[in-house]
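Enquirer: predicted model follows, preceded by the sequence.
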Amino acid sequence: MKNLPLYILIICSLCGCNNKQSDIVNLYSQRHYKVDEIQYEKFTALTGIKVNVVKSNADELIERLKNEGADSQADIFISVDAGKLQKAASLDLLQKLSDDIKTNEIPSTLLDKNNLWVPLTYRARILVYSNDRVNVTELDSYESLSDEKWKNRILVRSSSNAYNQALMASVIANNGIDGAKKWSQGVVENLARSPKGNDRDQVKAIYAGLGDVAIVNSYYIGLLLSSEKDEEQKAGEAVSVFFPNQGENQTGTHINISGLGIAKNAPNLENAIKLINYLLSEEAQKTYVRNSYEYSVNKNVMPSEIVQKWGDFRIDSLDLNNLGIFRKDAIEVFETTNWK
Ligand code: FE
């Protein structure tokens, strides 16, 4: 230390590159789950690196990254939608992932072929159906929800929701825009009520007898079944899980990832890489599945007990960047078919 010229020491104290100030990592996160706090606390306990989180919706965070440009303090952008990661990447807000990030246990269908984002967990957009009023043999695919037999029986949230926009983007990628419009029209005609509420509310509506089949994200069923609120548990128990599009010539069930990218100008790059590798570790992946009922991206980590009971399913292996690429078209399909 005593050999260092004085001016270097002065510069270092001015720019903050002493250990204390650089032991941080800054996240811009769209995730809204309790499990994240557990993860970051464990990481800090392990490494001494403090995790700062700015929470907002994905579009606002992307806007903020854009406006801050080279001055941004963000190290990592986290989203619950591959489409928003694709959007951030297409706006040149993310940097190529370092080779130090350990993705070898992640199936290739979940990875970004451009290596600009990495998945943390995945979730399926599934069907749940009333145990009292639907026989499982009546269900088949997302597409078949437009059959007349479901008139006044389908429950789903509004089209402004990112989960539905991603689903519609996948329908467009798989069936073309005309096929998607026809499907959307059919679903709208079969709705039990005008779209409202979140995914949990659709399950509660089945329990209340307002409809028979709902489109929801898989982990919400785990959250309802494990809820301390009696009413939520009962709603979870009133339905069963169905993975659509499992037939031989069908696409597989639509999934989306929750994932992250490293911000273009990440000031704490090394800490960001450490955090990412921690979140991808078996330990952290187990924490996700146990607390949030999402699926692990690590092939060796089994789902939670509740989720295991639903059995295995084949996922739609569509390149997940399509969930961003077809987003505009998806919104247009919703608008033209009056999916509120
Ligand atoms: Fe959610």
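Expert: Yes, it's here. Numbers count the residues shown, from 1 in each chain.
Enquirer: what segments of the protein are helices?
Expert: Using DSSP state H, the helices of the chain run over 6-15, 19-22, 34-47, 58-68, 82-90, 162-190, 199-207, 218-225, 230-237, 269-280, 282-292, 305-308, 322-325, 327-336.
Enquirer: where does pLDDT dip in the chain?
Expert: In the predicted model, the chain carries pLDDT under 70 at residues 1-21.
Enquirer: redo that, cut-off 50
Expert: 1-4, 6, 8-20 (pLDDT under 50).
Enquirer: select the longest strand from it.
Expert: strand 118-130 (DSSP state E).
Enquirer: in that one, what's buried?
Expert: 118-130 (16 or more other Cβ atoms under 10 Å). Yep, even glycine has a C-beta here, placed from its N, CA and C like the rest.
Enquirer: could the residues you listed be laid out in TSV, adding distance to G324?
Expert: Listed next are those as TSV, based on distance: Cβ to Cβ, whole Å:
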residue	distance to G324
V118	15
P119	14
L120	17
T121	18
Y122	16
R123	17
A124	19
R125	16
I126	22
L127	24
V128	27
Y129	30
S130	34
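Enquirer: follow-up on the earlier one: turn the helices of the chain into JSON lines, columns for mean neighbour count and distance to K102.
Expert: As requested, the helices of the chain are exported to JSON lines (neighbours: other Cβ atoms under 10 Å; distance: least, Cβ to Cβ, whole Å):
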{"stretch": "helix 6-15", "mean neighbour count": "10", "distance to K102": "31"}
{"stretch": "helix 19-22", "mean neighbour count": "10", "distance to K102": "23"}
{"stretch": "helix 34-47", "mean neighbour count": "16", "distance to K102": "15"}
{"stretch": "helix 58-68", "mean neighbour count": "16", "distance to K102": "25"}
{"stretch": "helix 82-90", "mean neighbour count": "24", "distance to K102": "19"}
{"stretch": "helix 162-190", "mean neighbour count": "20", "distance to K102": "26"}
{"stretch": "helix 199-207", "mean neighbour count": "22", "distance to K102": "32"}
{"stretch": "helix 218-225", "mean neighbour count": "23", "distance to K102": "24"}
{"stretch": "helix 230-237", "mean neighbour count": "16", "distance to K102": "35"}
{"stretch": "helix 269-280", "mean neighbour count": "20", "distance to K102": "5"}
{"stretch": "helix 282-292", "mean neighbour count": "19", "distance to K102": "11"}
{"stretch": "helix 305-308", "mean neighbour count": "16", "distance to K102": "24"}
{"stretch": "helix 322-325", "mean neighbour count": "22", "distance to K102": "24"}
{"stretch": "helix 327-336", "mean neighbour count": "18", "distance to K102": "30"}
